[in-house]
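[1] Quick check, what structure comes out for this input:
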Amino acid sequence: MVAVLFSLIAFFSAPAKTERAESLLAMDSLKRPGRAKIIPIDTAGRFLQVNRIFIVGNKITRDQIILRELTLRPGDIIYNQELQSVLDLDKKKIFNLRLFNTVEIRTLELESDKIDLLIDVNERWYTFPAPIFELSDRNFNEWWQTYDHDFSRVNYGLRLYQFNMRGRNETLRLTAQFGFVRKFEVMYRFPYIDKKQKQGLAISADFSEVKNLAYKTLDHKLVFSDSLNPDKDIMRTTKGASIVYTYRPSFYESHAFTLAYRNVTIDDTIAITNPNYFGDGRKNQQYTTLSYLFNSEHRDYVAYPLNGYQISALVNWNGLTRHEDLQRFEITASASLHRDLKNELYLSNNTVAYWSAPQDIPYSNYGSLGYRRQVVRGYEVFVVEGPYYLLNKSTLKKRIFSRTYHWGAMPIPQFRHIPLSIYVKTYADLAYVKNYPNYATENTLTLTNKVLTGAGAGIDIVASYDMVIRLEYSFNGEGDGGFFLNLRKEF
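    As a prediction, this is how the structure comes out:
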């Protein structure tokens, strides 16, 4: 009930119209400015012409990557009373590239009706040889409560991220992972492959082996195969590759088309114990996937939004020919709204709808509530599977601390800037999941075909490099309560 109330408040307080902007022409380089006077934006009505745009602080990032996000370009004329709001929006767009610690845009007066723009950025550290030490389970709470914090379920290895390759915001990711899941992966993303900076491309390939596999669900908890065949080293092997084409015609809307291939093989024991794992007792599943993703992003800061909205839709078509092992069509739609209620008080609401067909598909391909951010808070240790579901999450939070520290003694300049914010919050979630045919026979605890509710209170800690730590105490509709730790934002 609280979630529905939050939704109505958020809906009726939404802005009446959305500011949009045209795409910029790419620019290569600009010289640094000479002496110029920094002017405030006065209240007298006059028109200003943008003369030049200067960028400082970008030792690696190419100018055109930053200029792509600007509404204004040299020669444009703008009414002075509108200038500051346009620059504020452009500052947020540049920051949302996630390439910089800080972004500032200032105006430099040349004449009474002519200005230059100075963009001052502080670049992040772009090379991360990140050690892998992570849980193989869906979240920390499942690992801690359901599997008694068993360290044999931990993955370890090395994941190398090279962000902003060639200064063009390209990304290279290499993964070598061992432990509970052995995985090797390579991915390269080109955000722009054309001069107008509207089209992009990403390619990837991966290989993984799993020693212990969740082969069925009992009482809405995953049952693993460790006791089925203890002498068997590998229970599932997966090979895959994909290519993604992206199109970003404007600042706020983007489209992505993906063509992928998967080849998965399981051990004989899994196929015998659960013949519906791949269906009909099969040990191998091969299929291609064609997907389309639309994203309309209007949030202030995507790493931890406080104002704005986002709308996205994902369409997946598995099995492009009738002879493939999986035939499935699924749609996921999501809408998020974030409102600044003033006085450091913020309201957020997120709604997700999922639908798939047909319903008689193999167990390994079930759609489910309980992974990543699609969770009713209070039900983190449960998996609720179904061909369609509806989820609504609402949060009311208060910022109680916000400060940026400057660590002058740090020898690496990219780590001297340390922002830290703390929020206290209360929240309420609800969801409904339709069950698969005969699904209830596998569960004495039935969470499908009924409304799930969760509520609680907590603390969010937001730090540098998009780090978010959520400490929450939640109650669910089954009467259970508990403390939950999460290391990603809510939605």
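[2] what about the helices in this protein?
    For the chain, the helices defined by DSSP state H cover 2-12, 63-67, 80-95, 140-141, 268-273.
[3] Quick check: mean pLDDT of the first one?
    In this model, helix 2-12 has an average pLDDT of 41.
[4] same question, the second one
    Mean per-residue pLDDT for helix 63-67: 95.
[5] Residue 240 is in contact with residue 260, correct?
    Yes - the criterion here is C-beta atoms under 8 Å, and residue 260 meets it with residue 240 at 6.5 Å. Any C-beta I mention is one placed from the backbone N, CA and C, and that applies to glycine too.
[6] Now do the contacts for the closest residue to residue 182 other than its chain neighbours.
    Using C-beta to C-beta, 6 or more residues apart in numbering and skipping residues adjacent in sequence, the residue nearest residue 182 is residue 209, 4.5 Å away. Shown in contact with residue 209 (C-beta atoms under 8 Å, 6 or more residues apart in numbering): 181, 182, 183, 234, 236, 237, 238.
[7] and the second one, how many neighbours does it have?
    It refers to residue 182. 18 (other C-beta atoms under 10 Å).
[8] Over to the third one?
    Other residues lying near residue 183 total 19 when counted by other C-beta under 10 Å.
[9] Can you tell me how far it is from residue 208?
    Distance of residue 183 to residue 208, computed by C-beta to C-beta, to the nearest Å: 4 Å.
[10] Residue 254 contacts residue 245, correct?
    No - look at residue 254 against residue 245 with C-beta under 8 Å: they stay out of range, at 11.3 Å.
[11] what's the distance between the residue nearest to residue 182 and residue 131?
    As for residue 209, its distance to residue 131 is 20 Å (criterion: C-beta to C-beta).
[12] just residue 198 next, same as before
    37 Å.
[13] Settle it for me: which of those two has more neighbours?
    Each of residue 198 and residue 131 has its neighbours counted (other C-beta under 10 Å); residue 198 has more, 17 against 9.
[14] I'd say the more buried one and residue 247 touch.
    Yes - if you go by C-beta under 8 Å, residue 198 and residue 247 touch, sitting 6.2 Å apart.
[15] And the average pLDDT for stretch 70-88 is what?
    So the average pLDDT for stretch 70-88 ends up being 93.
[16] Any idea what residue 285 is bridged to?
    In this entry, residue 285 is beta-bridged to residue 264, by DSSP bridges.
[17] dump the residue contacts of it.
    Shown in contact with residue 285 (C-beta under 8 Å, 6+ apart): 262, 263, 264, 278, 325, 326, 362, 364.
[18] go on, residue 460?
    For residue 460, the contacting residues are 304, 397, 422, 423, 425, 468, 469, 470, 471, by C-beta under 8 Å, 6+ apart.
[19] Just the buried subset of these, written out for ChimeraX, thanks.
    To isolate in ChimeraX the members of these that are buried, counting by 16 or more other C-beta atoms under 10 Å, one can use:
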select :304,397,422,423,425,468,470
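[20] quick one: which of the contacts of residue 460 is nearest residue 154?
    Distance to residue 154 across the contacts of residue 460 (C-beta to C-beta) is lowest for residue 469, with 19.3 Å.
[21] Can you name the residues bridging to the closest one?
    Here residue 469, judged by DSSP bridges, has bridge partners residue 461.
[22] isn't it right up against residue 488?
    No - using C-beta under 8 Å, residue 469 is not in contact with residue 488, being 9.3 Å away.
[23] Show me the shaky parts of this protein.
    Counting by pLDDT under 70, the ranges of the chain that qualify are 1-44, 130, 132-153, 227-232, 440-442.
[24] beta partners of residue 128?
    residue 161.
[25] what residues are up against it?
    Applying C-beta under 8 Å, 6+ apart, we find residue 128 in contact with 159, 160, 161, 162, 163.
[26] for the residues you listed, which one is nearest residue 354?
    Using C-beta to C-beta, the contacts of residue 128 come closest to residue 354 at residue 159, 28.8 Å.
[27] what about the closest one, distance to residue 304?
    For residue 159, the distance to residue 304 - C-beta to C-beta - is 23 Å.
[28] dump the residue contacts of residue 451.
    By C-beta under 8 Å, 6+ apart, the neighbours of residue 451 are 430, 431, 432, 477.
[29] And for the residue lying closest to residue 455 once chain neighbours are set aside, the neighbour number?
    Nearest residue to residue 455 in three dimensions, chain neighbours excluded: residue 428, at 4.4 Å (C-beta to C-beta, 6+ apart). Residues within reach of residue 428, counting by other C-beta under 10 Å, total 22.
[30] Please report how far residue 428 lies from residue 456.
    8 Å.
[31] Over to residue 355?
    28 Å.
[32] same question, residue 481
    8 Å.
[33] now residue 335
    Distance from residue 335 to residue 456, by C-beta to C-beta: 23 Å.
[34] what about those two, which has more around it?
    Taking other C-beta under 10 Å, residue 335 and residue 456 do not tie; residue 456 has more neighbours (20 against 16).
[35] Hmm, the more buried one is touching residue 474, no?
    Yes - if you go by C-beta under 8 Å, residue 456 and residue 474 touch, sitting 3.5 Å apart.
[36] who touches both of the two?
    Residues touching both residue 456 and residue 474 (C-beta under 8 Å, 6+ apart): 377, 378, 481.
[37] Can you give me every residue that contacts the first one?
    Counting by C-beta under 8 Å, 6+ apart, residue 377 touches 393, 427, 429, 454, 455, 456, 472, 474, 484.
[38] Can I get these in TSV including distance to residue 69?
    As requested, the contacts of residue 377 are arranged in TSV below (distance: C-beta to C-beta, whole Å):
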residue	distance to residue 69
393	29
427	32
429	34
454	38
455	39
456	37
472	34
474	38
484	36
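[39] So which of those residues are in strands?
    Counting by DSSP state E, the part of those found in strands is 393, 427, 429, 454, 455, 456, 472, 474, 484.
[40] and the two most separated of the residues you listed?
    Most distant of the ones in strands among the contacts of residue 377, by C-beta to C-beta, are 393 and 484, 13.8 Å apart.
[41] Compare those two and say which is more crowded by neighbours.
    Shown here are residue 393 and residue 484; by other C-beta under 10 Å, residue 393 has more neighbours (26 against 22).
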